[in-house]
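Asks: Return atomic coordinates for the entry below.
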Amino acid sequence: MAFDVMKEQFATIDSMTTSKITSWIRQVGWPSLGPILVILLLVGGAATFGIYKGAQWRAFKTAHNCQKVEHVSGDVLPIFGVNPSNGQPSFGVAIEPDKVGWRCDDGVTYWR
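Replies: I've put the predicted structure just below:
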């Protein structure tokens, strides 16, 4: 009995959510959703690529008996400049990630 009541409540919530989303899409319009979908695809693709490259490196590291030989800490660097179009000062930040040196049995040190 209680399960049936919960099932009905979830069905009501689901239909309300679906109708709100459908209403929002009609209000915003499909052309506005294009850039959002492109951004989501790019972010998803970048994440997938990063995961793939990480797995590829781990397999290489294992196959070539790589040993950690050095670690270099990253840094955060302030950047100052002048905008050439209007002469206004520009400020930014450059982030340099940590690097780890791996010496493998092929005699090469790889930095990751």
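
Asks: Where does the residue nearest the centre of the chain sit, in terms of helix or strand?
Replies: When CA atoms, centre = their mean is applied to the chain, the residue found nearest the centroid is A47 (5.0 Å). A47 is part of helix 30-63, with elements assigned from DSSP states H and E.

Asks: Beyond that helix, next helix or strand please.
Replies: Next along the chain after helix 30-63, with elements defined by DSSP H and E, is strand 67-72.

Asks: Buried residues in the helix holding A47, which are they?
Replies: Residues of helix 30-63 classed as buried by neighbour count (16 or more other CB atoms under 10 Å): K61. No exception for glycine: its C-beta is placed from N, CA and C like everyone else's.

Asks: Let me know the average pLDDT across it.
Replies: If you average the pLDDT over helix 30-63, you get 88.

Asks: domains for the protein, by residue range?
Replies: Domain assignment for the chain, taken from automatic domain parsing, gives 33-63, 65-112.

Asks: From E70, how far out is the residue nearest to the centre of the chain?
Replies: 28 Å (CB to CB, to the nearest Å).

Asks: The residue lying closest to G81 once chain neighbours are set aside sits in which helix or strand?
Replies: Once flanking residues are discounted, G81 sits nearest to S90: 4.6 Å by CB to CB, 6 or more residues apart in numbering. Counting by DSSP H and E, the element that carries S90 is strand 89-96.

Asks: what residues are up against the residue nearest to the centre of the chain?
Replies: Going by CB atoms under 8 Å, 6 or more residues apart in numbering, A47 touches no other residue.

Asks: separation between the nearest residue to D75 once chain neighbours are set aside and G34?
Replies: Spatial nearest neighbour of D75, excluding adjacent residues (CB to CB, 6+ apart): E96 at 4.8 Å. Distance of E96 to G34, given as CB to CB: 35 Å.
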